[in-house]
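J.: sequence? don't have it. structure:
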């Protein structure tokens, strides 16, 4: 029947059939996704808009891919020519494989990130070996069956479209030239998704307040193609995506939340400010920062997360505990930049770790302390080129960067690198070599990363599913316990400040457009001279380094916009800026403003522990926009250099 229809439609036939086949495939997958995520789709007033919006996003990518083959079929005199028939058959077949791969990939991607495939896909593709084995551990049967299925589909598609093109009825040249402009107009309208001034973008699928349902309505191939375009254009498009504001106003609005006395700022147009030491002892302090992979507050015992972290819970009893601490993003690079430079999340898919202009003379805790005689190190269990960490740290004040290749005979080799025991043992080894002087050491663990492989026999399993997040959280906690048993006996222990936190939460899924409350992570600050206490203040990763710096025993200057959580902070200055996918969130104690790209902000208020859509003061919306634009302004105007 399809072949007969294609024959009757002449040069339009193959393109029209391709559109129908692809639209039907997208529709069927969207139906199954809706059923699988029924708890989300049932919250919609009507499920019809999900499929109508879905058809709109499907049409964009299909129409884009049909422009060239449609032109060829119309303009060439003999569409039955063997070369043209072969090329178009291969083209259509490869596109179907591309679309199918992305629809299939949506299932595991949504299970992990609650999203259709997006810019994260390209970040992971820079580490193919690790990603392959991670996926193989969880989805090996899906990968094998998908490969066979796609091979069969390619073969069937090739023969089908070869027959379609071979059966095209010839139209007169005058007829073709008359109809062609109309066809191109239709394809252009479909690709632009309308006649409005603004071009289409993934935000057009944001038809509801339910994030998962919005993602189901989106098209995976379109979201991935759009993300690739973004990565090829620029990494800081904040003003184009979220709104513009004069640079001086951006700085003024950001400084309003910094809880810094005006006289301490070095200039009106910079966030650089002076910080006095609050440490009375004449002996300066060392600093050890431990960043735990993917540890959400919901898995931490002293944050009401069960019994998986007995060692962290024991440490918390002698620590300053930040119980309301939130990550700035959902990726390791976001957390690392916050914990080493205090730099907020940038728009786009790239973090400051990969920005060309930040590879040297950029502000970091290492660049700040190295001139004061500190030895500096960064220790990681995986490949040190991951997220461009080696280049960033070596160019910005770190003396020693340790990666997977620097471990001799590690006790356990996981998918992403060595175990947390090996990593923390290496941390102790590096510190001991550097402890003849002051030191700052930064460690990033990875055992809690999927596929959650860790050495057996170390812990009593929390679940029967060995490779579960509960078990790797418990293992990482065990490794931390062993590390602190050993380091407590070292002579420098009492002169060292320890800061323990996570790079990002483990998983994030919510019926809300952004799971604001699921960004909560642990934060522990301790030293033998610091009194233990619990701080419930709304806090961000960006606040941790500004809290630590006054305790080190030096009068210093830095550009970080975070607040000292040990100081008195007025409620009017409590705010967090974070990013989820490509949506920014500016949160105060009782408001949250969401900034989807190229759309109006969404405003919420916290009412009886629920985020309810409600109007928010316009000034708060502008303040949030200023925090989104700040990274771009600071980067472009060299306001975040290592020296002011």
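T.: Perfect, I can see it now. No experiment lies behind these values; they were computed from the predicted model shown.
J.: what about the nearest residue in space to residue 615 that is not next to it in sequence, how many residues close to it?
T.: Sequence neighbours aside, residue 603 is the residue nearest to residue 615 in space, at 6.0 Å (criterion: C-beta to C-beta, 6 or more residues apart in numbering). (C-beta placed from N, C-alpha, C; glycine too.) By the criterion of other C-beta atoms under 10 Å, residue 603 has 19 neighbours.
J.: switch to numbering from 21
T.: Will do, 21 is the new start, and the previous item becomes residue 623.
J.: Now do the SS call for residue 623.
T.: Following DSSP: H, G, I helix; E, B strand; the rest coil, residue 623 is assigned to strand.
J.: do you know how far it is from residue 228?
T.: Distance of residue 623 to residue 228, given as C-beta to C-beta, to the nearest Å: 16 Å.
J.: quick one: the residue nearest to residue 635 and residue 644 touch, right?
T.: No. Using C-beta atoms under 8 Å, residue 623 makes no contact with residue 644, being 9.6 Å away.
J.: hey, what's in contact with both of the two?
T.: Residues touching both residue 623 and residue 644 (C-beta atoms under 8 Å, 6 or more residues apart in numbering) are residue 613.
J.: what bridges to the closest residue in space to residue 420 that isn't next to it in sequence?
T.: Excluding the flanking residues, the one nearest residue 420 by C-beta to C-beta, 6+ apart is residue 397, at 4.1 Å. Residue 397 has these beta-bridge partners by DSSP bridges: residue 420, residue 461.
J.: Count the neighbours of residue 191 for me.
T.: Residues contacting residue 191 under the criterion other C-beta under 10 Å number 17.
J.: Correction: the previous question concerned residue 506.
T.: With other C-beta under 10 Å as criterion, residue 506 counts 12.
J.: Likewise for residue 487?
T.: Neighbours of residue 487 under the rule other C-beta under 10 Å: 14.
J.: again with residue 554
T.: 12.
J.: Next one: residue 128 from residue 166, what distance?
T.: Taken as C-beta to C-beta, the span from residue 128 to residue 166 is 11 Å.
J.: if I pick residue 320, what's in contact with it?
T.: Contacts of residue 320 by C-beta under 8 Å, 6+ apart are 328, 329, 332, 333, 542.
J.: ok, 6 Å please
T.: With contacts defined as C-beta atoms under 6 Å, 6 or more residues apart in numbering, the neighbours of residue 320 are 329, 542.
J.: Ok, residue 197 next?
T.: Residue 197 makes contact with no residue, according to C-beta under 6 Å, 6+ apart.
J.: ditto for residue 509
T.: Applying C-beta under 6 Å, 6+ apart to residue 509 gives no contacts.
J.: got it, and residue 284?
T.: For residue 284, the contact set (C-beta under 6 Å, 6+ apart) comprises 293, 294.
J.: Backbone dihedrals for it, please?
T.: For residue 284, the backbone dihedrals (degrees, to the nearest 10) come out as phi -90, psi -10.
J.: And it, how far from residue 184?
T.: Applying C-beta to C-beta, the value for residue 284 to residue 184 is 72 Å.
J.: what packs against the helix or strand containing residue 545?
T.: If you go by DSSP states H and E, residue 545 is part of strand 543-546. The contact analysis (3 or more C-beta pairs under 6 Å, 6 or more residues apart in numbering; DSSP states H and E) places strand 543-546 against strand 516-522.
J.: Please enumerate the helices of the stretch 221-370 of the chain.
T.: 231-237, 240-253, 258-262, 267-275, 330-336, 352-361 (DSSP state H, counting those that start in this stretch).
J.: Of all those, which one is nearest residue 450?
T.: For residue 450, the closest of the helices of the stretch 221-370 of the chain is helix 352-361, at 16.1 Å, according to C-beta to C-beta.
J.: after that closest one comes which helix or strand?
T.: helix 385-389.
J.: how distant is that following helix from the center of its chain?
T.: Offset of helix 385-389 from its chain centre (C-alpha atoms, centre = their mean, to the nearest Å): 26 Å.
J.: Tell me, how many residues neighbour the nearest residue to residue 110 once chain neighbours are set aside?
T.: Nearest non-adjacent residue to residue 110, counting by C-beta to C-beta, 6+ apart: residue 178, 6.7 Å away. Neighbours of residue 178 under the rule other C-beta under 10 Å: 17.
J.: Residue 61 too?
T.: Neighbour count of residue 61, defined by other C-beta under 10 Å: 18.
J.: Ok, residue 400 next?
T.: By the criterion of other C-beta under 10 Å, residue 400 has 30 neighbours.
J.: any idea how far it is from residue 437?
T.: From residue 400 across to residue 437, the span is 7 Å (C-beta to C-beta).
J.: Quick one: mean pLDDT over stretch 639-653.
T.: Averaged over stretch 639-653, pLDDT sits at 95.
J.: what do you get for stretch 593-608?
T.: Taken as a whole, stretch 593-608 has a mean pLDDT of 91.
J.: quick one: buried residues of that stretch?
T.: For stretch 593-608, burial by neighbour count (16 or more other C-beta atoms under 10 Å) applies to 594-608.
J.: Now do it: distance to the chain's middle.
T.: Offset of stretch 593-608 from its chain centre (C-alpha atoms, centre = their mean): 13 Å.
J.: Check which element follows the helix or strand of the chain with the lowest mean pLDDT along the chain.
T.: Across the helices and strands of the chain, mean confidence by mean pLDDT, DSSP states H and E is lowest for helix 140-145: a mean of 65. Later in the chain than helix 140-145, the nearest helix or strand by DSSP H and E is helix 148-186.
J.: returning to what we had before: tell me the one among the buried residues of stretch 593-608 nearest to residue 247.
T.: Nearest to residue 247 among the buried residues of stretch 593-608 is residue 602, at 8.6 Å by C-beta to C-beta.
J.: How about that closest one: what's its closest non-neighbour residue?
T.: residue 617 (5.3 Å).
J.: Measure how buried that neighbour is and give me the count.
T.: Applying other C-beta under 10 Å, we find 20 residues neighbouring residue 617.
J.: Then residue 612?
T.: Neighbour count of residue 612, defined by other C-beta under 10 Å: 26.
J.: does it belong to a helix or a strand, and which?
T.: Using DSSP H and E, residue 612 falls in strand 611-615.
J.: if you skip the residues just before and after it, what's nearest to residue 335?
T.: Spatial nearest neighbour of residue 335, chain neighbours left out: residue 544 (6.0 Å); criterion: C-beta to C-beta, 6+ apart.
J.: residues contacting that neighbour?
T.: By C-beta under 6 Å, 6+ apart, residue 544 lies in contact with 335, 336, 339, 520.
J.: and which of those residues is nearest residue 115?
T.: Nearest to residue 115 out of the contacts of residue 544 is residue 520 (C-beta to C-beta; 48.7 Å).
J.: Can you report how many residues lie near the closest one?
T.: Neighbourhood size, residue 520 [other C-beta under 10 Å]: 22.
J.: cool, and residue 299?
T.: If you count neighbours by other C-beta under 10 Å, residue 299 ends up with 18.
J.: same question, residue 471
T.: Counted with other C-beta under 10 Å, residues neighbouring residue 471 total 16.
J.: Could you do residue 439 as well?
T.: When neighbours are defined as other C-beta under 10 Å, residue 439 has 25 of them.
J.: which SS class is the closest residue to residue 514 other than its chain neighbours?
T.: Using C-beta to C-beta, 6+ apart and skipping the chain neighbours, the partner closest in space to residue 514 is residue 548 (4.5 Å). Classification of residue 548 by three-state DSSP places it in coil.
J.: Phi and psi next, for residue 548.
T.: On the backbone of residue 548 - angles per degrees, to the nearest 10 - the values are phi -60, psi -20.
J.: can you count the residues close to it?
T.: Number of residues near residue 548 (other C-beta under 10 Å) recorded here: 11.
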